[in-house]
Each structure stands twice: as structure tokens, then as C-alpha cells.
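Trainee: Build me a model:
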Amino acid sequence: MDMKSRVLIVGGTGYVGKRIVKASIALGHPTYILFRPEVVSDIDKVQMLLSFKQLGAKLLEASLDDHQKLVDAVKQVDVVISAIGGGVVDHHILDQLKLVEAIKEAGNIKRFLPSEFGMDPDVMVHALHPGNSIFIDKRKVRRAIEARNIPYTYVSANMLAGFFAGGLGQLLDKAPMMPAQDKVLIYGDGNVKGIYLDEDDVGIYIVKSIDDPRTLNKTMFMRPPKNILSQNEVVEIWERLSGLKLKKIYMSEDQLLNMEGESYLEKMKRGHLYQIFIRGDLYNFEIGPNATEASELYPEVKYTTMDSYMKRYV
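Mentor: All right, here's what the predicted structure looks like:
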């Protein structure tokens, strides 16, 4: 039997990172978690790290600014997965360039997965300012990986269900993470298709890809067929499960793009909502020859449908 790759996860206490850690352990990989020195002051993260340690993970303390410690950590494993924060709120994507340099110097890594897990940045060259800044930085990391001939897999996990299904896409203003009980904001006509993923499924697909030659130096898109849904269809699932009938308030493209008096963060959010729910940038293109699709590669993964996912809120 082939030995499982040793996996180093950077950002293992984050929203996606902790799912990757759990999947790596569950799938039998020797699992290492890199944590920053300042994490020891955060009791919740310390407790999470200790719970992973009890499951068999090895904890490695190192700062991304300490090059030698980073190199030493990388030399202990075969695969590096980064889950460094890359959202509109917690954006540290370019910190990965330090990780790229450590991987290059170590010289032993057979696969690197940078932190992406949303829309494919190479598809999003047309993204609106200021939301395009995230995609620009992710492309810089990709090009650095390729320039240094580091073997890679890029991952596009589309919409994480906790944010986009649980809150029915209500990501403006205070962004509720629970389904509405009375009214819901619909972007455009609500019929543009998006792709929703259970976060635990994302972790499983990611870890399954790391030893797979079919994903080497390719982008792996996650497009489970039953989770290719419009915003209207997700709202309908919630209405059917809850027995509620929500009032629909429609926001046109012009209204979404021309709201006044908003913060930089809100402008970023609006740009992403436009790309997803009006342009349809998650599903308006064909997967190219240098890419693969996770649910086709791993049909044994019984992914969570949004019908099943939404039952937790009833």
C-alpha cells in the first residue's frame, strides 16, 4: 500500500483550514499544523490546536517572517496546503510569497496548494475594483509558484454554504448568517446559477487531490451537480423546509453597483455579489483542458446537497 503524504497545513485554525485539518487526519495523512507564535494568546485557537493534537496532528510553531523556521517546517512534509485568510475581511494572500520562497529552498515538496477556495482568480481578470485586489494578489502568488517550478494544485470551491446558503446570500450590511424569516433581497432576477459547497466536503475534496496525478499542475473546480443552483432555488429550498413564504425584494444591477455612502469593505462585497449573482462568474464558463472537476474525480464522496445542508437551520 502506498504511504500517505505528510501534510503541512498553514492556517489550520481558520474557517476553511480547520476543515482541511480534519479531512487530512480522517483520510489517514500524517498531519502537521503550522501556527503563528501569537496564536498562543487566543484561547479558542489554542483549544482547537490541542483538539487536533489529540487526534494525532503534530503542531509546529513558526512565523512566516522567520524564513529558516519555515524552511525547517516544510522539510518535514511532502505537501503544503495554505489556508491563509483570503476573504474581503481578512486578506493576507501575499504573505504566501514567503511560503513560496521557503518551499523553493526546501526543495522537497511534491505539491503546494495555495489559499484560494473561492472564485478562480485567473477567470476573474475583469473583476470590479476594489474587489479585484484579492484576485490580483492571488494571481501574483500563482505566477510566483509557477516561476519557481513548484508542483501545485489550485482549488476553486465557489460559494461556501455557511455564508451563501445559510444567509440566503444576504451579504450586504450586517450579513446575517441565518436564513431570513420574513423577507429576502434578490440580486437581479435571482435566476443566475451559482455553486454551493458544504465546507467539510471542500476539505475532503482538497485532501483527496494532493496525491492524485490527475490534479497535478491543474486547477480543481468543485461543481457538484445538485448544488448548481440559483439564488431563487436556494430561497425556495428554505421556504419548503421552513414552511415560510418570504417577501422578495429585487435589487437591479444598477442599484447594486451604485449604492452611495458605503465603506471600502461594502464596495468589495457588492463587487463580489455582482460577479456571482448577476454576471454568473462561477458557472458562465467551461472548465478548460488544464483543469479538473472534483465530484467527477471522486464520485465516492457523498457530497452534501443544499437540501440536506439547510435542514440544520429549521
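
Trainee: Report the secondary structure state of the residue nearest to the spatial centre of the chain.
Mentor: Compute the mean C-alpha point of the chain, and by C-alpha atoms, centre = their mean the closest residue is residue 117, 2.6 Å away. Using DSSP: H, G, I helix; E, B strand; the rest coil, the structure places residue 117 in coil.

Trainee: what sits against the spatially closest residue to it that is not a sequence neighbour?
Mentor: Excluding its sequence neighbours, the residue lying closest to residue 117 (C-beta to C-beta, 6 or more residues apart in numbering) is residue 157, at 4.5 Å. Yep, even glycine has a C-beta here, placed from its N, CA and C like the rest. Going by C-beta atoms under 8 Å, 6 or more residues apart in numbering, residue 157 touches 16, 116, 117, 118, 197, 202, 205, 206, 222.

Trainee: Next, count neighbours for residue 18.
Mentor: 23 (other C-beta atoms under 10 Å).

Trainee: phi, psi of residue 209?
Mentor: Residue 209 adopts backbone torsions of phi -80, psi -20, taken as degrees, to the nearest 10.

Trainee: any idea how far the nearest residue to it once chain neighbours are set aside lies from residue 72?
Mentor: Nearest non-adjacent residue to residue 209, counting by C-beta to C-beta, 6+ apart: residue 215, 4.3 Å away. Residue 215 sits 27 Å away from residue 72, going by C-beta to C-beta, to the nearest Å.

Trainee: Could you do residue 105 as well?
Mentor: 10 Å.

Trainee: got the residue ranges for the helices in the stretch 201-314 of the chain?
Mentor: Counting by DSSP state H, counting those that start in this stretch, the stretch 201-314 of the chain has helices at residues 231-242, 253-257, 264-273, 294-297, 306-309.

Trainee: hey, least reliable of these by pLDDT?
Mentor: Ranked by mean pLDDT, the helices of the stretch 201-314 of the chain bottom out at helix 264-273, which scores a mean of 90.

Trainee: list the buried ones in that helix?
Mentor: Neighbour counts over helix 264-273 (16 or more other C-beta atoms under 10 Å) mark 266, 267, 268, 269, 270, 271, 272, 273 as buried.

Trainee: what angle separates that helix from helix 231-242?
Mentor: 100 degrees (axes from the mean of the first three to the mean of the last three C-alpha atoms, to 10 degrees).
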